[in-house]
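> Here is a sequence together with a model predicted from it:
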Amino acid sequence: MSDNSPLDFDLVVLGGGSGGLAGAFRAAQHGARVALLEPGELGGTCVNVGCVPKKAMWLAAELSGHVALASQFGFEVPRDPRLDWPTLIAGRQRYVHGIHASYRRRLDEAGIALMPVRGRLRDAHTVQCDNGTLLRAAHILLATGSSPRRLPVPGAGLAGISDDFFHLCEAPTRVALVGGGYIAVELAGILQALGSRVDIFARAGRLLGHADAELAQRLQDNYRHQGIGMHFDYRLAAIEGEAGRLTLRNADGDASDPYAQVILAVGRTANTSGIGLEDVGVALDADGNILVDAFQRSSLPHVAAVGDVTGKATLTPVAIAAARRAMDRVFGGQPEARIDYDDVPAVVFSHPPLASVGLTEAQARERHGDDVHVARSVFRPMLQALADRPQHSLFKLVCVGAERRVVGIHLLGEGADEILQGFAVALKKGLTLADLHDTIAIHPSSAEEVVLMR
Ligand SMILES: Cc1cc2nc3c(=O)[nH]c(=O)nc-3n(C[C@H](O)[C@H](O)[C@H](O)COP(=O)(O)OP(=O)(O)OC[C@H]3O[C@@H](n4cnc5c(N)ncnc54)[C@H](O)[C@@H]3O)c2cc1C
Ligand SMILES: NC(=O)c1ccc[n+]([C@@H]2O[C@H](COP(=O)([O-])OP(=O)(O)OC[C@H]3O[C@@H](n4cnc5c(N)ncnc54)[C@H](O)[C@@H]3O)[C@@H](O)[C@H]2O)c1
């Protein structure tokens with residue numbers, strides 16, 4: 001591969017994250033000769049600085065909550081149980097390295113050529129690697145993901161981003177999280193539980209703009225109870241100070257308390273620059289995402305794109321499903337294969353978790369007017385009740401029409417992250433409220449509330 005003569009592949013994939021790996025494996029399964037370009041760690045954002053290490057930290061944070069409850073059950077727990085962060089981080093990274101090893105083995109077994117280089121498009125069928133090698137392919141799959149956005153304010157460089165959270169080896173004393181979306185909410189909950197004092201500074205008037213307002217409100221109440229400070233309608237104008245002692249200044253000129261760490265969590269930008277898209281004519285939308293049609297096809301024939309780089313439902317299972325279906329279409333003789341972006345279930349790993357699928361109550365009312373029926377249940381899960389803790393769960397069903405078809409399921413509470421998946425299948429298949437009432441409950445559980453709500 002050292003000379004500059006073009007090489008032949010059926011598929012060259014840019015990016016070895018969730019989407020790229022899934023696409024490469026599926027294409028190889030269909031018999032395609034595949035090259036996968038990944039300059040960083042295999043697994044991309046999800047495995048290295050996203051879902052997986054985040055979930056490890058979330059599990060630790062959940063455990064710390066349970067340790068606190070254990071004494072209420074009669075366990076002898078030291079008054080101030082201590083977490084050894086290095087042990088937690090070592091275990092987390094061992095798990096992540098296991099995933100890397102498993103991917104490497106599977107790529108070998110599938111006969112996929114893994115190249116640890118960055119690629120850029122030279123034309124619709126040629127990729128240039130950053131070591132100069134040219135790869136020629138019948139098809140190209142773009143899966144270069146996204147990167148954390150920074151804000152154009154003075155001092156933004158003093159702040160960290162979510163990637164930096166995964167480099168922490170101890171809980172910073174005080175942390176400011178700027179943003180009110182998935183990442184700000186998740187990191188705030190984790191850090192507060194694992195020893196930091198956290199404040200959230202959100203531009204909007206509430207957390208989690210994508211979520212049902214009632215659940216977001218209740219989560220805010222829970223967070224406040226956990227000691228997390230929240231500042232809404234906040235306009236960040238500058239970050240000042242020096243490492244370890246940073247303050248935020250708002251648009252009115254007011255300075256915040258000092259923080260050991262400031263983390264920006266204000267969305268992500270598609271990795272579309274510097275990969276030759278403009279040169280070869282791959283169209284982008286106004287936000288810089290690759291424009292794709294319903295079949296993940298870019299504006300250039302034979303060049304498809306999946307995952308965060310398209311900006312569509314930026315979640316790992318979506319990137320995976322989109323990539324598999326695109327490769328089923330290209331190499332598997334399934335011309336109609338495509339992902340349905342409606343009713344994608346998602347979980348915010350907050351404390352407690354917030355799980356949702358389908359329309360929020362507000363969205364349903366906007367679309368269906370008065371023809372909306374909402375069933376809700378507010379209850380104290382048994383664990384909280386036994387430990388005499390005030391945390392309540394809020395489960396909500398959004399139904400429309402005379403048949404009360406369920407168009408939204410929104411669960412905030414213990415176990416919500418695990419409960420939703422099966423109900424999401426049912427919702428996609430046309431679930432009605434009567435179907436739920438026809439189903440016998442599992443007792444005693446939180447999940448039973450879903451089939452008992454009126
Ligand atoms: C903190 C955090 C927590 C998250 N938690 C969850 C969660 O719990 N559940 C969930 O579903 N989603 C979660 N996500 C979102 C999820 O991680 C992403 O949606 C998913 O990783 C996107 O996959 P992808 O393949 O599009 O991109 P990525 O996984 O980012 O992979 C892109 C890869 O492309 C490589 N690359 C970039 N440029 C080039 C190039 N020119 N040539 C070759 N390779 C290149 C990069 O090195 C990278 O490895 C989280 C994200 C973050 C940041
Ligand atoms: N559990 C999960 O599935 C999970 C977890 C983390 C991230 N993710 C994915 O990663 C994506 C990125 O997460 P995120 O939290 O960065 O994005 P987000 O879109 O969830 O939230 C971004 C937040 O930043 C705020 N914001 C945007 N521009 C701003 C500005 N100029 N000034 C101040 N605030 C601004 C928004 O109001 C919003 O509150 C998510 O949208 C989600 O798709 C998923």
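Received the coordinates, thanks. Ligands and ions are numbered 1, 2, ... in the order given.
> For the protein, what lies in contact range of ligand 2?
Contacts of the chain with ligand 2, taken as C-beta under 6 Å from any ligand atom, map to 151, 179-184, 186, 202-204, 209, 265-268, 314-315, 346-349. C-beta here means a position set from N, CA and C on the backbone, and glycine is covered the same way.
> Which among these count as buried?
Neighbour counting by 16 or more other C-beta atoms under 10 Å classes 151, 179-184, 186, 202-203, 265-266, 268, 314-315, 346-349 among those as buried.
> Residue of this structure nearest ligand 2, please.
residue 181 (1.8 Å; C-beta to the nearest ligand atom).
> In strands, which of the residues of the chain next to ligand 2 appear?
With DSSP state E as the criterion, strands contain 268, 346, 347, 348 from among the residues of the chain next to ligand 2.
> got JSON lines for these, with distance to residue 358 too?
Shown next, in JSON lines, are those (distance: C-beta to C-beta, whole Å):
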{"residue": "268", "distance to residue 358": "24"}
{"residue": "346", "distance to residue 358": "11"}
{"residue": "347", "distance to residue 358": "14"}
{"residue": "348", "distance to residue 358": "15"}
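> Check those and tell me the two furthest apart.
Comparing all pairs in these by C-beta to C-beta, the longest separation belongs to 268 and 347, at 18.1 Å.
> what about residue 340, how many neighbours?
Neighbourhood size, residue 340 [other C-beta atoms under 10 Å]: 10.
> Mind pulling up the pLDDT for it?
Note on residue 340: pLDDT of 97.
> what's the answer for residue 302, then?
Taking residue 302 on its own, its pLDDT is 96.
> same deal with residue 138?
Residue 138 carries a pLDDT value of 96.
> In contact with residue 62, which residues?
193, 351 (C-beta atoms under 8 Å, 6 or more residues apart in numbering).
> Show the subsequent helix or strand relative to the least confident helix or strand in the chain by mean pLDDT.
Lowest on mean pLDDT, DSSP states H and E among the helices and strands of the chain sits strand 7-14, with a mean of 91. The first helix or strand that comes after strand 7-14 along the chain, using DSSP states H and E, is helix 18-29.
> Buried residues, that next one. List them.
Under the neighbour-count criterion of 16+ other C-beta under 10 Å, helix 18-29 has 18, 19, 20, 21, 22, 23, 24, 25, 26, 27, 28 buried.
> can you put the residues you listed in TSV and add pLDDT?
Output for these, formatted as TSV (pLDDT from 0 to 100):
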residue	pLDDT
18	98
19	98
20	98
21	99
22	98
23	98
24	98
25	98
26	98
27	98
28	98
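> Name the nearest of those residues relative to residue 83.
Nearest to residue 83 among the buried residues of helix 18-29, with distances taken as C-beta to C-beta, is residue 18, at 29.4 Å.
> ok, now which ones touch that closest one?
43, 44, 45, 46, 47, 143, 307, 316, 319, 320, 323.
> and if you look at residue 267?
149, 179, 181.
> Using CSV, lay out those together with pLDDT and distance to residue 402.
Converted to CSV, the contacts of residue 267 look like this (pLDDT from 0 to 100; distance: C-beta to C-beta, whole Å):
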residue, pLDDT, distance to residue 402
149, 96, 45
179, 98, 41
181, 98, 36
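> Inside helices: which ones of the residues you listed?
Of those, none are assigned to helices by DSSP state H.
> partners of residue 236 in the sheet?
Beta-bridge pairing of residue 236 under DSSP bridges involves residue 250.
> Need the three-state assignment for residue 375.
Secondary structure, DSSP: H, G, I helix; E, B strand; the rest coil: residue 375 is strand.
> what's the closest residue to residue 28 other than its chain neighbours in contact with, if anything?
Nearest residue to residue 28, sequence neighbours excluded (C-beta to C-beta, 6 or more residues apart in numbering): residue 110, at 4.3 Å. If you count contacts by C-beta under 8 Å, 6+ apart, residue 110 has them with 24, 25, 28, 29, 34.
> Give me the most central residue, this protein.
Central residue of the chain (C-alpha atoms, centre = their mean): residue 315, 4.9 Å from the mean position.
> dump the residue contacts of the nearest residue to that residue once chain neighbours are set aside.
Among residues not flanking residue 315 along the chain, residue 346 sits closest, at 6.1 Å (C-beta to C-beta, 6+ apart). Residues in contact with residue 346, defined by C-beta under 8 Å, 6+ apart, are 315, 355, 356, 357.
> for residue 225, same thing?
Residue 225 touches 390, 391, counting by C-beta under 8 Å, 6+ apart.
> Please apply the same query to residue 334.
Residue 334 neighbours (C-beta under 8 Å, 6+ apart): 325, 328.
> wait, is it part of a helix?
No. Under three-state DSSP, residue 334 falls outside any helix and is assigned coil.
> Kindly provide the distance from it to residue 321.
According to C-beta to C-beta, to the nearest Å, residue 334 and residue 321 sit 14 Å apart.
> So which bits of this protein are right by ligand 1?
Residues of the chain lying near ligand 1 (C-beta under 6 Å from any ligand atom): 14-20, 37-40, 44-46, 50-51, 54, 118-119, 143-145, 162, 183, 271, 275, 307-309, 314-317, 319, 349.
> Show me where the stretch 351-454 of the chain has its strands.
With DSSP state E, counting those that start in this stretch as the criterion, the stretch 351-454 of the chain has strands at 354-358, 372-379, 393-400, 405-412.
> Format those as JSON lines; extra columns: mean neighbour count.
Shown next, in JSON lines, are the strands of the stretch 351-454 of the chain (neighbours: other C-beta atoms under 10 Å):
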{"stretch": "strand 354-358", "mean neighbour count": "26"}
{"stretch": "strand 372-379", "mean neighbour count": "17"}
{"stretch": "strand 393-400", "mean neighbour count": "23"}
{"stretch": "strand 405-412", "mean neighbour count": "25"}
